[in-house]
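Novice: Sharing a model that was predicted from the sequence below.
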Amino acid sequence: MKLLIKSLALAASLSFAAGTAFADNLPIKFTLDWKAQGPHSWFYLAKEKGYFADEGLDVTIDQGEGSSAAVTRVMSGTYDAGFGDINALIRAAAKAPDEAPVMVYLVYNGAPFAIISKKDGDVQSLKDLEGKTVAAPTGSATFQLFPALAEANGFDAGKVELLNASQNLIEQMLVRGQADAIAQFGQTSYMNFIAMDLDPNEDFNWFYYSDNGLDLYSNGIIVSKKLIEDHPEAVEGLVAAINRAIMDVVADPEVGIDALVAIEPLTDTGLEAERLQYTIDNQLETAETAEIGLGDLDTQRLGNSIQMNADLESFDRLPEASAIFDGSFLPEKSERMLPAAN
């Protein structure tokens, strides 16, 4: 009986200690850029496998409303960190330097921004957009950068009607003829068309910004200045945990999809596996990441993006590259080199 009591006491003590340790983890509110999809699986895997907890963090992940909106959410103080667009961050840093977040890990080295039209429609070139209607989600970075695409390709963005639309209706609006084109992330629409039993390559025209004069970076891990100032060790831990999970998913995408299904049981696993692989192949694996590793960036290329956004928005002040991206929290380059898939 005494042995049983001691065992129960020990178990209670261990349980209390574990609960106390969990309670001591720093709470971090993290916003995605979009609804949970394959390319978000590494965030959920980092939580599921305890990578955040290993770094002393208790991370809550919420779904988002667009890459630009993620920047706004962190700026407002509602979220400590998130997955947002670096171009939206540049504009925020120019207008509100004290409140703007900082990117600490670039995920989408290759930008996914695209204008998409129907193969049998009226938009067969970017210049055909004049006098037409383009739909995009309100918080979309692709939507925000549309005027820069127009300037680079010699058409008047002012002659294009831009429609704000719900994120789950974009592709349907194009297919039904309610919009002549859409501004969207490539991997999002590509897989959504497949889900609609359409052929993305045969049924649609794809005008990627990166192929039409805009060599841009895109989404990465952004954190508030307050988090950097108050808990720099937490920023380093957040980056380390996410990097660790990304490497796991790139090596074996199935583990990422499993983590996603645990959060979203109704996930179309086949579709999201394709979306995930598409993103890895096009946004993560680039000539630049093969040289410098994922997470880091080229300062000159970033400088060009800053100037492009400044020309677009007529900034009163030009933010320094260091105000946009801080690479001091990155793991060693050897830990950021993308592995070969299993």
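Specialist: Perfect, I can see it now. Numbering: from 1, shown residues only.
Novice: Could you list the domains of this structure?
Specialist: As recorded under automatic domain parsing, the domains making up the chain are 21-110+217-335, 113-211.
Novice: Make TSV out of the ones you listed and add mean pLDDT and distance to residue 341.
Specialist: For glycine as for every other residue, the C-beta is placed from the backbone atoms N, C-alpha and C. What follows is the domains of the chain, written out as TSV (pLDDT from 0 to 100; distance: least, Cβ to Cβ, whole Å):
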stretch	mean pLDDT	distance to residue 341
domain 21-110+217-335	96	6
domain 113-211	94	17
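Novice: Would you format those domains as a markdown table with mean neighbour count included?
Specialist: Shown next, in a markdown table, are the domains of the chain (neighbours: other Cβ atoms under 10 Å):
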| stretch | mean neighbour count |
| --- | --- |
| domain 21-110+217-335 | 20 |
| domain 113-211 | 19 |
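Novice: tell me the contacts of residue 30?
Specialist: The neighbours of residue 30, taking Cβ atoms under 8 Å, 6 or more residues apart in numbering as the test, are 43, 59-62, 79-83.
Novice: got the CA positions of whichever strand or helix holds it in PDB?
Specialist: According to DSSP states H and E, residue 30 maps onto strand 26-31. Written as PDB, here are the backbone C-alpha positions of strand 26-31 (Å, rounded to 0.1, in the frame of the first residue of the first chain):
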ATOM      1  CA  LEU A  26       6.700  31.500 -23.800                       C
ATOM      2  CA  PRO A  27       3.300  31.900 -25.500                       C
ATOM      3  CA  ILE A  28       3.600  33.000 -29.200                       C
ATOM      4  CA  LYS A  29       0.600  33.900 -31.400                       C
ATOM      5  CA  PHE A  30       1.500  33.000 -35.000                       C
ATOM      6  CA  THR A  31      -0.700  33.900 -38.100                       C
END
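Novice: what's the closest of the contacts of residue 30 to residue 71?
Specialist: Residue 71 has its nearest neighbour among the contacts of residue 30 in residue 82, at 7.6 Å by Cβ to Cβ.
Novice: tell me the SS of that closest one?
Specialist: Here residue 82 is strand, with the state taken from DSSP: H, G, I helix; E, B strand; the rest coil.
Novice: who's in contact with it?
Specialist: Neighbouring residues of residue 82 by Cβ under 8 Å, 6+ apart: 30-33, 64, 70-71, 73-74, 101, 221-222.
Novice: now with 10 Å?
Specialist: 29-33, 43, 61-62, 64, 67, 69-74, 101, 219-224 (Cβ atoms under 10 Å, 6 or more residues apart in numbering).
Novice: Kindly provide the distance from it to residue 221.
Specialist: For residue 82, the distance to residue 221 equals 8 Å [Cβ to Cβ, to the nearest Å].
Novice: Mutual contacts of the two, please.
Specialist: In contact with both residue 82 and residue 221: 30, 43, 101, using Cβ under 10 Å, 6+ apart.
Novice: Make JSON lines out of those and add distance to residue 301.
Specialist: JSON lines is the format used below for those (distance: Cβ to Cβ, whole Å):
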{"residue": "30", "distance to residue 301": "26"}
{"residue": "43", "distance to residue 301": "25"}
{"residue": "101", "distance to residue 301": "20"}
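Novice: No further queries at this time; thank you.
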